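Trainee: Need coordinates for the below:
(one chain, ligands or ions: 2)
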Amino acid sequence: MIRVIVNGACGRMGKMITQGVSEQEDMQIVGAIEFSEHPQLGQDVGEVAGIGTIGVPVTSDLPAILDDGDVVIEFTSPSATIEHLQNVVDAGKRMVIATTGYDEEELAQVHALAPQIPCVMASNMSVGINVMLQAIQLVANVLGDDYDVEVIEAHHNQKVDSPSGTALRMAEVLAQTLDRNLSEVGVYGRHGIVGKRTKKEIGIHAIRGGDLAGDHTVLFVGTGDRLEITHRGQNREPLARGAIRAARWVMGAPKGLHDIAEVLF
Ligand SMILES: NC(=O)C1=CN([C@@H]2O[C@H](COP(=O)(O)OP(=O)(O)OC[C@H]3O[C@@H](n4cnc5c(N)ncnc54)[C@H](OP(=O)(O)O)[C@@H]3O)[C@@H](O)[C@H]2O)C=CC1
Ligand SMILES: O=C(O)C1=N[C@H](C(=O)O)C[C@H](O)C1
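Mentor: Ligands and ions are numbered 1, 2, ... in the order given. Purely as a prediction, here's the structure:
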């Protein structure tokens, strides 16, 4: 039995992970972690997730329960993720990191710590988005510099980071494929007299509203035609499914920071 600890247990994704893991024959939730002042601390995480009591209380002390678990699934905030990653490294366990929104320094910390354990990290755990990442690479390779490239994402009004981790990943893949440096060519929204579009820029735009689970479009705009590749998230299930697959996969993985593509394809 794979013993899973869910971090961010009372959040939108944490609840999906508790539900999803509880449906797996080879997995069980053994720990549930939340922010130290969270109002649902002490409640049964099964009740929190709407699946009934499973005998696991929500707590805030990860080091105290790490010995009971094999793998941690993390959907929290960047600062919480780094603290938890350090805890998991110290305990020699495994981790699946899904949190997005790091600044450069935080990302460097993750990249320094994560290779010390078997770890999967991805800004999007769904099969659909990861197929789309391959598709946009293929298209960008064929179209090259002849088409203008723009990335547009739309998410629910509770999302705190912008643009989405997935949109950033897409922009990175596009920049790499087109032999450009994203920090030089990335344009994050446009406002005012910004001048004509430069040939190599990659536009990245974020829309926020309602309960959108997450849409991503890459536009390749030429002269006389355009190609649009879109993925629409109808709910969060594909994201939870991917994270659970990653948790199972990482149990047999060597130390290192692995991409979700290694899990899914
Ligand atoms: N890679 C992927 O496939 C996906 C990634 N994400 C990313 O995952 C993250 C979480 O998303 P989502 O579930 O929608 O967000 P939520 O805000 O619903 O959930 C995050 C949870 O983490 C909790 N949290 C904050 N600090 C800590 C801490 N120190 N210890 C433990 N828990 C903590 C929050 O508590 P509180 O409310 O008290 O702050 C909250 O309950 C985001 O970065 C999002 O972009 C989301 C979906 C898919
Ligand atoms: O916050 C979300 O909801 C999501 N976040 C991830 C991201 O930032 O890309 C993945 C997915 O789009 C949902």
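Trainee: what sits up against stretch 120-128?
Mentor: 95-98, 100, 110, 114, 130, 164-166, 168-169, 214, 231, 233, 238-243, 245-246, 249-250, 253, 257-260, 262-264 (C-beta atoms under 8 Å, 6 or more residues apart in numbering). Where you see a C-beta, it was placed from the backbone N, CA and C, and this is true even at glycine.
Trainee: Distance check, residue 239 against residue 258.
Mentor: 17 Å (C-beta to C-beta, to the nearest Å).
Trainee: Neighbour count: these two, which is higher?
Mentor: Between residue 239 and residue 258, counting by other C-beta atoms under 10 Å, residue 239 is the more crowded of the two (26 against 21).
Trainee: Based on its surroundings, how many neighbours for residue 184?
Mentor: 10.
Trainee: in the strand or helix carrying it, what counts as buried?
Mentor: Assigned by DSSP states H and E, residue 184 belongs to helix 182-185. Residues of helix 182-185 classed as buried by neighbour count (16 or more other C-beta atoms under 10 Å): residue 185.
Trainee: contacting residues around that helix?
Mentor: Residues contacting helix 182-185 (C-beta under 8 Å, 6+ apart): 171-172, 175, 198, 200-202.
Trainee: what's near enough to touch the closest residue to residue 129 other than its chain neighbours?
Mentor: Spatially, and ignoring its direct neighbours in sequence, residue 129 is nearest to residue 231 (5.4 Å; C-beta to C-beta, 6 or more residues apart in numbering). Residue 231 makes contacts with 126, 128-129, 132, 215-217, as judged by C-beta under 8 Å, 6+ apart.
Trainee: Mind listing residues that contact the helix or strand where residue 72 lies?
Mentor: Per DSSP H and E: residue 72 is located in strand 71-74. By C-beta under 8 Å, 6+ apart, the surrounding residues in contact with strand 71-74 are 2-8, 17, 21, 62, 66, 80-81, 84-85, 88, 93-99, 243-244, 246-247, 250-251.
Trainee: How many neighbouring residues does the residue nearest to residue 153 when sequence neighbours are not counted have?
Mentor: Closest residue in space to residue 153, ignoring its immediate chain neighbours: residue 167 at 4.1 Å, by C-beta to C-beta, 6+ apart. Using other C-beta under 10 Å as the criterion, residue 167 is surrounded by 26 other residues.
Trainee: Local confidence estimate at the residue of the chain found nearest ligand 1?
Mentor: Closest approach between the chain and ligand 1, counting by C-beta to the nearest ligand atom: residue 11, at 2.0 Å. pLDDT, residue 11: 98.
Trainee: who does the residue nearest to residue 163 when sequence neighbours are not counted bridge with?
Mentor: Distances taken as C-beta to C-beta, 6+ apart put residue 206 closest to residue 163, at 4.4 Å, once the chain neighbours are dropped. Beta bridges link residue 206 to residue 153 when assigned by DSSP bridges.
Trainee: isn't residue 206 right next to residue 155, touching?
Mentor: Yes. Using C-beta atoms under 8 Å, residue 206 is in contact with residue 155, at 7.4 Å.
Trainee: which neighbours do these two share?
Mentor: residue 164.
Trainee: Where do the strands of the stretch 101-250 of the chain begin and end?
Mentor: Using DSSP state E, counting those that start in this stretch, the strands found in the stretch 101-250 of the chain span residues 118-121, 148-155, 186-188, 202-208, 215-221, 226-232.
Trainee: Do you know the pLDDT at the residue nearest to residue 129?
Mentor: 98.
Trainee: try residue 227
Mentor: pLDDT, residue 227: 98.
Trainee: Would you check how far apart the residue of the stretch 1-150 of the chain found nearest ligand 2 and residue 121 are?
Mentor: In the stretch 1-150 of the chain, the residue that lies nearest ligand 2 is residue 100 (3.8 Å; C-beta to the nearest ligand atom). In this view, residue 100 and residue 121 are 10 Å apart by C-beta to C-beta.
Trainee: show me what contacts residue 204?
Mentor: Contacts of residue 204 by C-beta under 8 Å, 6+ apart are 150-151, 153, 163, 167-168, 171, 186-189.
Trainee: what does residue 6 give?
Mentor: Counting by C-beta under 8 Å, 6+ apart, residue 6 has contacts 14, 17-18, 21, 29, 31-33, 45, 72-73, 75.
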